[in-house]
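# Fold the following, please.
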Amino acid sequence: MRNGLNTSNMSEFVNEIKTNPKEALFRYRSRVELVTPTLAAAAVQTLGAGSIRVARAFRFDLEPNDMAVRRHPSPNEYLLTALGGCVIVTFVLGCSARGITLTDLEIIADARVDPEHGPLQGVRYAIHATSTADDRQLRELVEYVSCLSPNHRTFVDQNDFGLEVELVDADGKVVRSEQVSVPLGAVPAGARADTARDIHAHVKWRYGTQMQGEVSTTGQRCRANAVRVDQPKQSLGLDWAANPQEDLLAVVGAELLHALSALARSRGIAIAYASTMVEGSLDLRGLMNVEPTAPVRVHDIRQKVTLEADQPFDALLELASQAAASTVSRQTICREGAIDVTVVNGTQQIATYRSDREFTTEYLRRLAEMPMPHPKAS
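All right, here's what the predicted structure looks like:
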């Protein structure tokens, strides 16, 4: 055991997915239902982990990004927590595989959002670690982790996912269903200082893969701002909470429903029922650095929204498409981006760099060309 992880199990799993790649394929699902016009309830669904199915039963509520007073965190806040939580998991895995013992670990993440939508802007995080690693080891490890953290790479890499819209009747029977391509539109030129909101997430490592975060947004008040993060037992966790990928998918669903609800109200359209299922895949060979061609980011993302409303289907199709195109999460995930990373050893800042697609490509190229075998989680 090291840092709360069973390193023997890690090694066995790496060997297993080398010989049987199908066991590395995880399929996450989060279902979100609109309970009130401003309250979205997320429920993590059964996980497909290789050849087995894993029951997941975590629920949490989200309220719109623009509410001045909320009882629950917003999708924007969960999105930033999903980034920080995933980086911490990858960091703990990397430390444990290299024989580095952690004493304290936390990530402080910040971003700015434009009220006119567009992706999260100025995304940055500082990773504070107290461990047996020296400055050189710590910087190398953080750079390595930023290239292999799935949610970090989901923010940085370009993704593409469409939307399926289905209309149901009062009995839940599907009346009509259709796929729609969601245009992203132009990125806002820049956030106005008097209207932009700064989002903050402070994620602290507890033990193993368990973390707890506190979130906030300038100019807003949230009565319950704590967010738990963990991994399923199949990923060395304790099933204490939803994992960062499940949180990420729930954010996509909740933000679409919030936007759809607001847009429908502005047009005088009554929505009797609205829910969405969001799915995404993770190839753990990429995370574990055992297969260079395996994608690291969350990929093959699919979203289906189910609506009951006394409206023509084409009108609902346009409504859902416009709502989806306006969300910060979709804009962030589907565009190529960059994250500013700061490395802090104890109390001393030792490095700052910009992690983007070019940085990742160059770093992994250099890693592969090193004369000595580069570190692997095995």
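
# Just the element for the most centrally placed residue in the chain, please.
In the chain, the residue lying closest to the centroid (Cα atoms, centre = their mean) is residue 248, at 3.2 Å. Per DSSP states H and E, residue 248 falls inside helix 244-266.

# Past that helix, which element shows up next along the chain?
Taking DSSP H and E, what comes next after helix 244-266 is strand 271-283.

# And the contacts of the following helix or strand past that next one?
Downstream of strand 271-283, the next assigned helix or strand under DSSP H and E is helix 284-287. Around helix 284-287, the neighbours that count as contacts under Cβ atoms under 8 Å, 6 or more residues apart in numbering are 13, 17-18, 21, 24-26, 90, 93, 148-150, 235, 291, 294-297. C-betas here are computed from N, CA, C, even on glycine.

# Which stretches in the stretch 101-250 of the chain count as helices?
135-148, 150-156, 244-266 (DSSP state H, counting those that start in this stretch).

# what's the first one packed up against?
Helices and strands touching helix 135-148, as assessed by 3 or more Cβ pairs under 8 Å, 6 or more residues apart in numbering; DSSP states H and E, comprise helix 75-97, strand 121-131, helix 150-156, strand 339-345, strand 348-355, helix 357-369.

# between the helices of the stretch 101-250 of the chain, which gets the lowest average pLDDT?
Across the helices of the stretch 101-250 of the chain, helix 135-148 has the smallest mean pLDDT, namely a mean of 93.

# Ok, which of the helices of the stretch 101-250 of the chain comes nearest residue 215?
Minimum separation from residue 215 across those (Cβ to Cβ) falls at helix 244-266, 11.5 Å.

# For residue 220, which non-adjacent residue is spatially closest?
Nearest non-adjacent residue to residue 220, counting by Cβ to Cβ, 6 or more residues apart in numbering: residue 68, 5.6 Å away.

# can you check residue 241 too?
residue 228 (3.6 Å).

# surely the one you found meets residue 212?
Yes: Residue 228 is within contact range of residue 212, at 5.6 Å (criterion: Cβ atoms under 8 Å).

# Now do the same contact list for residue 82.
Each residue near residue 82 by Cβ under 8 Å, 6+ apart is listed here: 151, 229, 244-245, 247-248, 251.

# same question but for residue 355, I mixed them up
Taking Cβ under 8 Å, 6+ apart, we find residue 355 in contact with 146-147, 152, 156, 338-341.

# what sits against residue 354?
Neighbours of residue 354 in contact, by Cβ under 8 Å, 6+ apart: 338-341.

# switch to 6 Å and redo it
Shown here is residue 354, whose contacts under the criterion Cβ atoms under 6 Å, 6 or more residues apart in numbering are 338, 340.

# again, but for residue 174
Applying Cβ under 6 Å, 6+ apart to residue 174 gives the contacts 166, 168.

# 10 Å - rerun?
166-168, 306 (Cβ atoms under 10 Å, 6 or more residues apart in numbering).

# Against residue 138, how distant is it?
Remark: distance between residue 174 and residue 138 (Cβ to Cβ, to the nearest Å) = 53 Å.

# ok, residue 252 - contacts?
Per Cβ under 10 Å, 6+ apart, neighbours of residue 252: 30, 32, 75, 79, 161, 276, 278, 280, 301, 303, 324, 327-330, 332-333.

# Next: residue 231.
Going by Cβ under 10 Å, 6+ apart, residue 231 touches 5, 85, 89, 92-93, 208-211, 237-246.

# With adjacent residues omitted, what lies nearest to it?
Nearest residue to residue 231, sequence neighbours excluded (Cβ to Cβ, 6+ apart): residue 237, at 2.9 Å.

# Now that that neighbour has come up, it's in contact with residue 230, right?
Yes: if you go by Cβ atoms under 10 Å, residue 237 and residue 230 touch, sitting 4.7 Å apart.

# intersection of neighbour lists for the two?
The overlap between the contact sets of residue 237 and residue 230 (Cβ under 10 Å, 6+ apart) consists of 89, 208-210, 243.

# would you list the contacts of residue 174 in JSON lines and tack on distance to residue 48 and pLDDT?
Below are the contacts of residue 174 laid out as JSON lines (distance: Cβ to Cβ, whole Å; pLDDT from 0 to 100):
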{"residue": "166", "distance to residue 48": "22", "pLDDT": "97"}
{"residue": "167", "distance to residue 48": "28", "pLDDT": "96"}
{"residue": "168", "distance to residue 48": "25", "pLDDT": "96"}
{"residue": "306", "distance to residue 48": "21", "pLDDT": "98"}
